[in-house]
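any chance you can model this:
(one chain, ligands or ions: 1)
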Amino acid sequence: MDTKNQENQIKRRDFLQKSAVLATSAMFLPFLGNKAYSASNSIKTNSSIPTVKLNNGLLMPILGFGTYSLRDDVCQRSVAEAISVGYRLFDTATRYGNEAFVGAGIKQSGIKREELFITSKIWVDDSGYEKAKMAFETSLKKLGTDYLDLYLIHRPRGDFKGSWRMMEELYKEGRIKAIGISNFTPAQYDDLMSVAKIKPAVNQIETHAFFHEMDSYNDLKKNGVQMEAWAPFAEGRNGLFTNQTLADIGKRHNKSNAQVSLRWHYQRGVVAIPRTVQRAHMIENLNIFDFKLSNSEMKAISALDLNISQFPEWT
Ligand SMILES: NC(=O)c1ccc[n+]([C@@H]2O[C@H](COP(=O)([O-])OP(=O)(O)OC[C@H]3O[C@@H](n4cnc5c(N)ncnc54)[C@H](OP(=O)(O)O)[C@@H]3O)[C@@H](O)[C@H]2O)c1
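From the prediction side, this is the model:
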């Protein structure tokens, strides 16, 4: 090989080595990025999330992060990134099959456990006193924690009264900071209360601009139970992200339909747990505490209530 050729070979090897280093760095950029965001954003955004006081005195962030349908590394990355931009409340469930990935995301973030508010739920198949206990232990193990902030009965089916008895015990032992229900109607709440020794702290139900759940809203208020909205955007169904009423209101405040929706939940005193895998949406959804909907804007959103679920396949 002549000198010219040798030089070319060395340059090519150099180039390949540098490219490999760059490619490897790029692979780890999302993690390095999280650390960087954490340093610059988390204190500011975290401190701006107000809390509600549950009926047992526990403070719960009024805005959190949903994880339904997030799996594997997408789930892990989204949870870690959500923590880095300021989310502290995470909602998962045995049914979502992602508790281990939520746990991995929390671990990846490096945040202290006590700074988080973690919710999980008992699925129908695990209902009943004995099974509920096993389901709880499994959830803790997968999440990599030794307590839950909030544990919910996912749906009022099966032996949910047996589950509640077990949850009351775990609560008294201090292994769950608050216990609650999900998808319970006022009548189902009354049925549970006929045997319950401890009142549920939260009822997590479908609530969004097209389904205000006024019966539950008034009933929960009367009973001192915190309402929490699942699908706070109706997963975008019925054109929520392009709805003209929300867009007209948003234009006045320089906010998106998503932000107007979340601000509406906030002004109703309802906890919301929007889900997103996009960092820009994570930040957008947090930025709802610097504007206020007027009474007439709240009324205009009231008029959007269709009083019907957008998820008939789940009822
Ligand atoms: N207890 C129950 O029975 C029950 C049932 C359902 C859900 N849940 C809980 O409630 C959480 C929230 O509900 P959900 O996940 O069904 O739906 P959701 O939060 O109403 O909507 C999620 C959808 O909104 C999009 N999105 C998020 N932010 C956006 C923004 N700023 N602009 C435009 N699009 C945006 C997301 O897409 P991108 O990812 O592209 O942003 C995603 O497709 C769940 O994750 C779960 O934790 C509980």
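
mind saving the C-alpha coords of the helix or strand hosting residue 266 as PDB?
Counting by DSSP states H and E, the element that carries residue 266 is helix 257-267. Written as PDB, here are the backbone C-alpha positions of helix 257-267 (Å, rounded to 0.1, in the frame of the first residue of the first chain):
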ATOM      1  CA  ASN A 257     -57.600  22.900  23.600                       C
ATOM      2  CA  ALA A 258     -55.700  20.500  25.800                       C
ATOM      3  CA  GLN A 259     -54.700  23.300  28.200                       C
ATOM      4  CA  VAL A 260     -58.300  24.800  28.300                       C
ATOM      5  CA  SER A 261     -59.600  21.300  29.100                       C
ATOM      6  CA  LEU A 262     -57.100  20.800  31.900                       C
ATOM      7  CA  ARG A 263     -57.700  24.200  33.300                       C
ATOM      8  CA  TRP A 264     -61.500  23.400  33.300                       C
ATOM      9  CA  HIS A 265     -60.800  20.200  35.400                       C
ATOM     10  CA  TYR A 266     -58.600  22.300  37.700                       C
ATOM     11  CA  GLN A 267     -61.200  25.000  38.200                       C
END
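
the helix or strand just after that helix packs against which elements?
The helix or strand immediately downstream of helix 257-267 is strand 271-272, counting by DSSP H and E. Counting by 3 or more C-beta pairs under 8 Å, 6 or more residues apart in numbering; DSSP states H and E, the packing neighbours recorded for strand 271-272 are strand 226-230, helix 257-267. C-betas here are computed from N, CA, C, even on glycine.

residues of the helix or strand following strand 271-272 that come out buried?
Secondary structure here is assigned by DSSP H and E; on that basis, the next helix or strand after strand 271-272 toward the C-terminus is helix 279-286. The neighbour-count check on helix 279-286 (16 or more other C-beta atoms under 10 Å) flags 279, 282, 283, 284, 285, 286 as buried.

so how far is the ligand from residue 250?
Counting by C-beta to the nearest ligand atom, to the nearest Å, the gap from residue 250 to the ligand is 11 Å.

also residue 87?
The gap separating residue 87 from the ligand is 12 Å, by C-beta to the nearest ligand atom.

and if you look at residue 120?
Looking at residue 120 against the ligand, where the rule is C-beta to the nearest ligand atom, the gap reads 10 Å.

which SS class is that residue?
The three-state label for residue 120, taken from DSSP: H, G, I helix; E, B strand; the rest coil, comes out as strand.

picking up where we left off before, just put the buried residues of helix 279-286 in JSON lines and tack on pLDDT and distance to the ligand.
Listed next are the buried residues of helix 279-286 as JSON lines, based on pLDDT from 0 to 100; distance: C-beta to the nearest ligand atom, whole Å:
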{"residue": "279", "pLDDT": "98", "distance to the ligand": "10"}
{"residue": "282", "pLDDT": "98", "distance to the ligand": "8"}
{"residue": "283", "pLDDT": "97", "distance to the ligand": "9"}
{"residue": "284", "pLDDT": "98", "distance to the ligand": "4"}
{"residue": "285", "pLDDT": "98", "distance to the ligand": "5"}
{"residue": "286", "pLDDT": "98", "distance to the ligand": "10"}
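
got the helices and strands packed on strand 271-272 as TSV, with distance to the ligand columns?
Formatted as TSV, those follow (distance: least, C-beta to the nearest ligand atom, whole Å):
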stretch	distance to the ligand
strand 226-230	3
helix 257-267	3
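
tell me how many other residues crowd residue 199.
The number of residues packed near residue 199 is 15, by other C-beta atoms under 10 Å.
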